[in-house]
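below are the sequence and a predicted model; questions follow.
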There are 2 protein chains.
Amino acid sequence: MPVPKGSTIDPARTRAAIVEAATPLLYERGLDGVGVAELCARLGISKETLYRHFGTKDGLVEAVLERRSERVHAWMAAAVEAAGPDPADQLAAVFDALGRWYAEPGFRGCAMVNAAAQHHVDAVRARTERHLARYLDLFTGIAARARAADPDALGRQLLVLVEGATVVAAHHRVAGTAEQARAAALTLLAAARSGT
Amino acid sequence: MPVPKGSTIDPARTRAAIVEAATPLLYERGLDGVGVAELCARLGISKETLYRHFGTKDGLVEAVLERRSERVHAWMAAAVEAAGPDPADQLAAVFDALGRWYAEPGFRGCAMVNAAAQHHVDAVRARTERHLARYLDLFTGIAARARAADPDALGRQLLVLVEGATVVAAHHRVAGTAEQARAAALTLLAAARSGT
DNA sequence: AGGCGGTCGAACCGATCGGTACTATCTTGG
DNA sequence: CCAAGATAGTACCGATCGGTTCGACCGCCT
């Protein structure tokens, strides 16, 4: 997965390309599972380039996780938006998107949660917390638009379903996790609407 | 956390003591976050002793995870049993127990799931899968005793809730996760009973 | 009493780690 | 066309990794 050699001397573009190319490697093998030497070899760049752009391996990790968090959030927000205005449709779309993700070959769970479990660096844990908080905002918003009795509580329950489904899909490989989580989400939504 | 020096020459007891003492260290710092040298120093044993009993660091990790899995399963089964015969009470007891766990100072999420996220060794991933399967059996049993329309589906939904609550509690530190997951579980149980 | 085996403590091993230094090459802006 | 800067490639650094070996104890069993 070499970094394309377009326009040398465009620091931002080079940096972005490195982040993009390093992401799948670090995701599939683990943050500490691939060394800097191998990383650079796979990326087709020299260690000096990497260290000039990121200063530290942790710097690269930070950049990769930040980018990943943004991308995931945009992907999920897009799925919600494409589902139309109905909160139930939006929830269903979330879990359908998750189901497609779980079925991908390289799926290994939530990158942010995995990173926090692996890498005991405060910045990584803080970023994971922010990542979950953004997820929570999205679900709380859906809950509020659905006129749930307690949007915050329902939002948290939906967050638990999403992260739980991801963990179960990653570590207990039996198909159907996303569909069952989807059904659970819709049940909770209906119950919260009827004022329970 | 030194290994007590009781009765030398009792291989099984020594081995068990090492496993017991190593468990919290590996849980809190990560499987790869503490080296063999430091591990032995903290345990008050020599590397030779460790390697005679476990052959490999991975051997110790395996033993620790196996013991941990057994202990967790027994703990949760006991919580269920102590709750009496009513499935709803049993479910409530599960999430109450989880809530107490989340509030403990050293809580860092599900050790098995963390291990699988950190350590890319097949044996570890396989053990995590078995661990989740045992959890699933417990919840499917509760669902069946509750006369749920589809006990397998409800069991999986409950597993998702449990693992999701654990992940969220570990990485998004806001109190109340266990209580909200408990409410969600009871809602799902009620819905599955009424035949939805 | 004596030997055997579990144990400690420390030295030691090769491999790999993250990170640095240096040279040669290449692209780009002036 | 040339100087400046980005890059690849490679050698290298000290530290740490998992794992081995050895000598000296010391509790247990016969």
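Ah, there it is. Numbering: from 1, shown residues only, chains lettered A, B, ... in the order given.

show me what contacts the spatially most central residue of chain A?
Closest to where the C-alpha atoms of chain A average out (C-alpha atoms, centre = their mean) is residue A:72, at 4.4 Å. If you count contacts by C-beta atoms under 8 Å, 6 or more residues apart in numbering or on different chains, residue A:72 has them with A:111, A:112, A:131. For every residue, glycine as well, the C-beta is placed using N, CA and C.

overlap between those and the residues near DNA strand C?
On the criterion C-beta under 7 Å from any atom of the strand, none of the entries of those sits beside DNA strand C.

of the residues you listed, buried ones?
Burial by neighbour count, judged by 16 or more other C-beta atoms under 10 Å in any protein chain shown, picks out A:111, A:112, A:131 from the contacts of residue A:72.

any idea how far the first one is from residue B:32?
Pointing back at residue A:111 there. The gap separating residue A:111 from residue B:32 is 18 Å, by C-beta to C-beta, to the nearest Å.

try the last one
Distance check for residue A:131 against residue B:32: by C-beta to C-beta, it reads 23 Å.

how about the residues of chain A near DNA strand C?
Where proximity means C-beta under 7 Å from any atom of the strand, the interface of chain A facing DNA strand C comprises A:7-9, A:32, A:35-38, A:46-48, A:51, A:56-58.

among the residues you listed, name the buried ones.
The neighbour-count criterion (16+ other C-beta under 10 Å) marks A:32, A:57 among those as buried.

which ones among the residues of chain A next to DNA strand C lie within helices?
Using DSSP state H, the members of the residues of chain A next to DNA strand C that fall within helices are A:36, A:37, A:38, A:47, A:48, A:51, A:57, A:58.

could you find the closest non-adjacent residue to the second one?
For residue A:37, the nearest residue in space outside its immediate sequence neighbours is residue A:47; the separation is 7.0 Å by C-beta to C-beta, 6 or more residues apart in numbering or on different chains.

coming back round to it: could the buried ones among the contacts of residue A:72 go into CSV alongside distance to residue B:106 and secondary structure?
Below are these laid out as CSV (distance: C-beta to C-beta, whole Å; DSSP: H, G, I helix; E, B strand; the rest coil):
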residue, distance to residue B:106, secondary structure
A:111, 25, helix
A:112, 22, helix
A:131, 23, helix
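
and the helix or strand harbouring residue A:123, what does it pack against?
Counting by DSSP states H and E, the element that carries residue A:123 is helix A:122-145. When contacts are defined as 3 or more C-beta pairs under 8 Å, 6 or more residues apart in numbering or on different chains; DSSP states H and E, helix A:122-145 sits against helix A:57-82, helix A:87-102, helix A:111-118, helix A:151-171, helix B:151-171.

okay, buried residues for the longest one please.
In this case it means helix A:57-82. Within helix A:57-82, the residues scored as buried using 16+ other C-beta under 10 Å are A:57, A:60-65, A:68-69, A:72, A:76, A:79-80.

for the second one, same thing?
Along helix A:87-102, the positions that meet the burial threshold by neighbour count (16+ other C-beta under 10 Å) are A:87, A:90, A:91, A:92, A:93, A:94, A:95, A:97, A:98, A:99, A:101, A:102.

my read: the last one touches residue A:168, true?
No: the pair residue A:102 and residue A:168 does not pass the contact test of C-beta atoms under 8 Å, sitting 9.3 Å apart.

what sits against the closest residue to residue A:101 other than its chain neighbours?
On the basis of C-beta to C-beta, 6+ apart, the spatially nearest residue to residue A:101 that is not a chain neighbour turns out to be residue A:107, at 6.2 Å. By C-beta under 8 Å, 6+ apart, the residues touching residue A:107 are A:101, A:169, A:170.

gap between the first one and DNA strand D?
Counting by C-beta to the nearest atom of the strand, to the nearest Å, the gap between residue A:101 and DNA strand D amounts to 31 Å.

right, I'll call it a day here.
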